[in-house]
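Participant: for reference, the sequence and a predicted model appear below.
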Amino acid sequence: MAKDRIYQTEDGTRIAPLSALNDFEVAEGYPDIRGWTVTSTDGQEVGKVHDLLIDVDHMRTRYLDVRLTKQLASSPGDRDVLVPIGTAEVVEGKNVVRVPLTAERFGLLPMYDYGELNRTHELEVRRHFSLGEAAAAAAAGTAATTAARDFYDDEGYDDRRFFGKRRPRADEEVAASRVDAERAEAARVDAAREAELRRDAEVRRNAEVRRETEVSRDASDRVVEREAREAREARESEIRVPVERDDAVVLKRGDDGRDEIIIRRPVGERRP
């Protein structure tokens, strides 16, 4: 815990920025609104939530530390102001915080410079938000007495008003969410497994087609080879005699029963 960033008020309450508390964090189930846009009642963006001021003794959020836009800050450096947590509200469905001040009124809030946080500053902040007895006490000159008596006992400092709609989810909701997540993961795993099985089946089909194609190609090659061999063998067992166009070829059965082929050529014709 960074002790140099803890402010101790007049009544002994310790207030510190959440960013300075190393062992503190936003409770589970609640949104961390740091960085969210802040708007005014007249619909203008007036800044961003820069930090949260925490009541360390009571473990409650007391202020939003809002860093104003450059246009609204009207200063060369950053300008931060404090907004009592109970006066603001979350815009449903958006990362936006709405504060019940006009943009012009925002520009009149006292600057928060991180150096200290005293009741004079806090009373001035409360005056802008008209937070009940503190404003009246300040006007009557009894601010010190009021400050020492339950200063944060006001709905303007009740962080439940701000976080009420963003309360932690019930155990049943958490369990249901976990079941949904597990089902989604199981469905994803099943889909991945099914896709892998489809890929394996496709690989097997392609391999089978290749094998069948190779077998068919081998069979066709064997047929062609056999026919070529038979033709070659047939040619080797033949006796071929050239026959001219004028020659006459006669098949005659000899006396011994064997066939003879007789070639008759014109008389007087010579062959090379």
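Facilitator: Right, received. Where do you want to start?

Participant: residues in contact with the closest residue in space to residue 78 that isn't next to it in sequence?
Facilitator: Spatial nearest neighbour of residue 78, excluding adjacent residues (CB to CB, 6 or more residues apart in numbering): residue 67 at 5.7 Å. Backbone N, C-alpha and C define where each C-beta goes, glycine included. For residue 67, the contact set (CB atoms under 8 Å, 6 or more residues apart in numbering) comprises 47-50, 78-80.

Participant: what residues sit buried inside whichever helix or strand residue 67 is part of?
Facilitator: Per DSSP states H and E, residue 67 falls inside strand 60-68. Using 16 or more other CB atoms under 10 Å as the test for burial, strand 60-68 gives 61-68.

Participant: which among those residues gets closest to residue 11?
Facilitator: Among the buried residues of strand 60-68, residue 62 lies closest to residue 11 (CB to CB), at 13.0 Å.

Participant: just to check, the closest one is in contact with residue 152?
Facilitator: Yes. Using CB atoms under 8 Å, residue 62 is in contact with residue 152, at 6.1 Å.

Participant: what sits in contact with each of those two?
Facilitator: With CB under 8 Å, 6+ apart as the test, residue 62 and residue 152 both reach residue 55.

Participant: mind listing the helices for the stretch 101-250 of the chain?
Facilitator: Using DSSP state H, counting those that start in this stretch, the helices found in the stretch 101-250 of the chain span residues 103-106, 119-129, 132-140, 143-147, 159-163, 171-236.

Participant: other SSEs contacting the second one?
Facilitator: Packing contacts for helix 119-129, counted by 3 or more CB pairs under 8 Å, 6 or more residues apart in numbering; DSSP states H and E, involve strand 80-84, helix 132-140, helix 143-147.

Participant: how far does it sit from the chain's center?
Facilitator: Computed by CA atoms, centre = their mean, to the nearest Å, the chain-centroid distance of helix 119-129 equals 43 Å.

Participant: what angle sits between that helix and strand 60-68?
Facilitator: 80 degrees (axes from the mean of the first three to the mean of the last three CA atoms, to 10 degrees).

Participant: if residue 80 is in a bridge, with which residues?
Facilitator: On the basis of DSSP bridges, residue 80 is bridged to residue 67, residue 112.

Participant: shouldn't it be in contact with residue 64?
Facilitator: No. Judged on CB under 8 Å, residue 80 makes no contact with residue 64 at a distance of 9.9 Å.

Participant: before we move on, back to that, where among the helices of the stretch 101-250 of the chain is average confidence lowest?
Facilitator: Sorting those by mean pLDDT places helix 143-147 lowest, at a mean of 46.

Participant: please name the nearest non-neighbouring residue to residue 248.
Facilitator: In space, and not counting its chain neighbours, residue 248 is closest to residue 264: 4.2 Å by CB to CB, 6+ apart.

Participant: by neighbour count, which of the contacts of residue 67 wins?
Facilitator: Neighbour counts for these peak at residue 47, which has 27 neighbours (criterion: other CB atoms under 10 Å).

Participant: kindly export whatever helix or strand it lives in (C-alpha atoms) in CSV.
Facilitator: Assigned by DSSP H and E, residue 47 falls within strand 45-55. C-alpha atoms of strand 45-55 as CSV (Å, rounded to 0.1, in the frame of the first residue of the first chain):
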residue,chain,number,x,y,z
GLU,A,45,-18.8,14.6,-22.7
VAL,A,46,-17.0,16.3,-19.8
GLY,A,47,-14.1,13.8,-19.2
LYS,A,48,-13.1,10.3,-18.2
VAL,A,49,-13.1,8.4,-14.9
HIS,A,50,-9.4,8.7,-14.0
ASP,A,51,-9.5,6.9,-10.6
LEU,A,52,-11.6,6.1,-7.6
LEU,A,53,-11.1,7.4,-4.1
ILE,A,54,-11.6,4.7,-1.5
ASP,A,55,-12.5,5.0,2.2
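
Participant: okay, now residue 230: neighbour count?
Facilitator: By other CB under 10 Å, 10 other residues sit near residue 230.

Participant: that should have said residue 55, apologies.
Facilitator: By other CB under 10 Å, 19 other residues sit near residue 55.
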